[in-house]
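A.B. asks: this one's structure only:
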């Protein structure tokens with residue numbers, strides 16, 4: 001892609017994560033867990049679409065995708081951890097936190113890695129060049145399906161869903 005100072009660009013994602021981490025208490029009170037998670041999922045979709053559209057002439061899309069890491073991670077993973085902490089009975093809270101970490105950061109990352117490897121191989125030309133747009137649209141579509149399913153199926157009984 002020809003991105004100069006790629007390490008510095010990647011740091012934008014970490015800075016964004018810290019920024020959105022400070023905003024979580026405000027948004028959690030205003031939006032509730034369902035909308036926080038939906039926003040996080042929506043930004044995952046958007047992030048992957050931006051990566052699919054990025055190219056040597058469109059570095060801005062790449063930079064935005066990296067910056068969106070903060071809202072993606074904080075509004076999805078961190079909000080999920082807060083929700084589990086609030087909903088789990090005290091005597092099993094640490095086990096519940098361990099389980100959510102195992103499912104999302106263990107099993108989920110493993111399955112995601114396997115799917116990404118399989119899909120990347122399917123989108124690699126004979127000369128070894130990768131079809132990046134197709135590679136990035138795949139997780140965007142999957143995240144979009146999960147977002148719609150979550151919107152329809154998740155009911156937060158701990159709070160009114162007026163937000």
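C.D. replies: Good, I have the coordinates. Predicted model, so just to flag it, every value in this text is computed and none were measured. Numbers count the residues shown, from 1 in each chain.
A.B. asks: tell me what the longest helix seen in the chain is packed against?
C.D. replies: Taking residue count as the measure and DSSP state H as the definition, the longest helix of the chain comes out as helix 6-53. Using 3 or more Cβ pairs under 8 Å, 6 or more residues apart in numbering; DSSP states H and E as the contact definition, the elements that helix 6-53 packs against are helix 59-67, helix 69-73, helix 79-87, helix 132-153. In this view, the C-beta of every residue, glycine as well, is placed from N, C-alpha and C.
A.B. asks: Kindly reformat the ones you listed as TSV containing mean pLDDT.
C.D. replies: As requested, those are arranged in TSV below (pLDDT from 0 to 100):
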stretch	mean pLDDT
helix 59-67	90
helix 69-73	94
helix 79-87	92
helix 132-153	96
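A.B. asks: Out of those, flag the one nearest residue 37.
C.D. replies: helix 79-87 (5.7 Å; Cβ to Cβ).
A.B. asks: Would you tell me what the next helix or strand after the closest one is?
C.D. replies: Stepping forward along the backbone from helix 79-87, the first helix or strand reached (DSSP states H and E) is helix 93-101.
A.B. asks: before we move on, the earlier item: the inter-axis angle of the longest helix of the chain versus helix 132-153?
C.D. replies: Interaxial angle of helix 6-53 relative to helix 132-153 (axes from the mean of the first three to the mean of the last three Cα atoms, to 10 degrees): 80 degrees.
A.B. asks: gap between helix 6-53 and the chain center?
C.D. replies: In terms of Cα atoms, centre = their mean, to the nearest Å, the centre of helix 6-53 is found 7 Å from the chain centre.
A.B. asks: still on that earlier bit, closest one to residue 16 among the helices and strands packed on helix 6-53?
C.D. replies: The minimum distance between residue 16 and these falls on helix 69-73, with 2.9 Å, by Cβ to Cβ.
A.B. asks: how much does the helix or strand of the chain with the lowest mean pLDDT deviate in direction from helix 132-153?
C.D. replies: Lowest on mean pLDDT, DSSP states H and E among the helices and strands of the chain sits helix 59-67, with a mean of 90. Here helix 59-67 runs at 40 degrees with respect to helix 132-153, directions being taken by the same axes, to 10 degrees.
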